[in-house]
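Engineer: From the sequence below, what's the structure:
(one chain, ligands or ions: 2)
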Amino acid sequence: RMRRVILDTDIGSDVDDALALALILKSDELKLEAVTVVHGDLDVRARIAMKMLSLAGAGDIPVAKGIEKPLLMDRPVFWTGHEGEGILTPEDRDLKPASTHAIDLIVSKIMEAKGEITIIAIGPLTNIAAAIIREPRITEYVRDIFIMGGVTRLFNGMNLPYREHNIRCDPEAAKIVFNSGMPITMVPLDVTMKTSINRDDLKVISSMKTPFTDAIVSMVERYLEFRGRDYTWLHDPLAVAVSIDETLVRIVDMKVLVETRGEVADGQTIALPASVREEANARVCIDVDSSRFKRFFMERILRS
Ligand code: BDR
Ligand code: CA
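Structural biologist: Ligands and ions are numbered 1, 2, ... in the order given. Down below sits the predicted model:
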């Protein structure tokens, strides 16, 4: 059954949000109904999303601005300064987002299409938490939510940060979402860091020579320069892929807790095996078939 999707994103800082949006637009299984932006300068983030949609011939999909600061307004907002490079030009100043606030759009879409809407959340969870506060019934009426966020397998031999960006930026919002009862599939950092795209992949994409793929290549190139690396991770695209084909990953039911009052570990996610005492609140991805996912991603991005 086709998924009707709202993408909630901090597009522009890490380039993987743009790649996730591209993957959605190239996937027939997903019908993108709205993009909502979160965290930081939302005019810039909204313009990036609108420009990508218009280059893909999907300029009629609404892009709505949500909430700029974390819920409690006492945590720093992450902003790199390179947001928009590689895609926005001075003329794009005229791109206008939807007049509806992202929270109203999320709530109305879910309430109007009961059981139909899937949220793919690939930024800090501020907008989603605020939508739950505004209309708690969305937790029953949403079809499900796929979250790129958290880290649950710290000791799997990789050099992992113990906190993941999307949860760390707004731990209180994350806690609201994980405690909400929404059907959650969590795609954490320890799994997404097994997926990446490199300069050779970019060469292949650049051979397409469409305005859309040219924009993707130019954004990724800028990002690789910014990071000083020849590869970058496909965190957010993996969350999109799992919403289409969950055989790409291994999933287990777990109880996910979010640390909000730690001295050093605010924003850490702790995932306990589900048991009689620990009722599961999320389906957690614990592994990925990296090479199959990479083929899945590239084959779709190369679709005309
Ligand atoms: C997450 O944080 C952002 O930098 C990425 O876009 C992704 O959503 C990875 O930790
Ligand atoms: Ca992101």
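Engineer: Endpoints of stretch 249-265, how far apart?
Structural biologist: 27 Å (Cα to Cα, to the nearest Å).
Engineer: and that stretch, which residues are buried?
Structural biologist: For stretch 249-265, a neighbour-count test (16 or more other Cβ atoms under 10 Å) marks 249, 251, 254-260 as buried. (C-beta placed from N, C-alpha, C; glycine too.)
Engineer: any idea of the mean pLDDT for it?
Structural biologist: Averaging pLDDT along stretch 249-265 yields 95.
Engineer: Distance from that stretch to the middle of the chain?
Structural biologist: Distance of stretch 249-265 from the chain centroid (Cα atoms, centre = their mean, to the nearest Å) equals 18 Å.
Engineer: So what touches it?
Structural biologist: Identification of contacts with stretch 249-265 by Cβ atoms under 8 Å, 6 or more residues apart in numbering yields 150, 152, 162-163, 167, 171-172, 174-175, 178, 184-187, 191, 238, 242, 266-274, 278-289.
Engineer: I'd like to know how many residues surround Ile67.
Structural biologist: Ile67 has 23 neighbours, counted by other Cβ atoms under 10 Å.
Engineer: Among the contacts of stretch 249-265, which lie within strands?
Structural biologist: With strands taken from DSSP state E, the overlap with these comprises 184-187, 269-273, 282-288.
Engineer: thinking again about what came up before, what is the nearest of the buried residues of stretch 249-265 to ligand 1?
Structural biologist: Distance to ligand 1 across the buried residues of stretch 249-265 (Cβ to the nearest ligand atom) is lowest for Val258, with 14.7 Å.
Engineer: how close does the residue lying closest to the closest one once chain neighbours are set aside get to Arg250?
Structural biologist: Nearest residue to Val258, sequence neighbours excluded (Cβ to Cβ, 6 or more residues apart in numbering): Lys175, at 4.3 Å. Lys175 sits 25 Å away from Arg250, going by Cβ to Cβ, to the nearest Å.
Engineer: next one: phi and psi at Val249?
Structural biologist: Main-chain dihedrals, Val249, degrees, to the nearest 10: phi -130, psi 170.
Engineer: quick one, what contacts the residue lying closest to Thr269 once chain neighbours are set aside?
Structural biologist: Spatial nearest neighbour of Thr269, chain neighbours left out: Gly150 (3.5 Å); criterion: Cβ to Cβ, 6+ apart. For Gly150, the contacting residues are 164, 166-167, 174, 186, 188-189, 256, 258, 269, 271, by Cβ under 8 Å, 6+ apart.
Engineer: Which pLDDT value goes with Gly150?
Structural biologist: On pLDDT, Gly150 comes in at 98.
Engineer: Please report the distance of the closest residue to ligand 2 within the stretch 151-300 of the chain from Leu23.
Structural biologist: Using Cβ to the ion, Asp236 is the residue of the stretch 151-300 of the chain that sits closest to ligand 2, at 4.9 Å. Asp236 is 9 Å from Leu23, where distance means Cβ to Cβ.
Engineer: Between those two, tell me which one has more neighbours.
Structural biologist: Ranked by neighbour count (other Cβ under 10 Å), Asp236 and Leu23 place Asp236 first, with 30 against 25.
Engineer: Tell me how far the closest residue to Thr152 other than its chain neighbours lies from ligand 1.
Structural biologist: Leaving aside its chain neighbours, Thr152 sits nearest to Ala271 (3.8 Å; criterion: Cβ to Cβ, 6+ apart). Using Cβ to the nearest ligand atom, to the nearest Å, one obtains 16 Å as the distance from Ala271 to ligand 1.
Engineer: Could you report the neighbour count for the closest residue to ligand 1 within the stretch 151-300 of the chain?
Structural biologist: Closest contact between the stretch 151-300 of the chain and ligand 1, by Cβ to the nearest ligand atom, is at His165 (3.6 Å). For His165, the neighbour count with other Cβ under 10 Å is 20.
Engineer: mind checking the backbone torsions on it?
Structural biologist: According to degrees, to the nearest 10, His165 has phi -50, psi -50.
Engineer: Could you do Arg250 as well?
Structural biologist: The phi/psi pair for Arg250 (degrees, to the nearest 10) reads phi -100, psi 130.
Engineer: Quick check: phi and psi on Glu83?
Structural biologist: phi -60, psi 130.
Engineer: How about the contacts made by it?
Structural biologist: By Cβ under 8 Å, 6+ apart, Glu83 lies in contact with 12-13, 40-41, 44-45, 48.
Engineer: Perfect, I'm done here.
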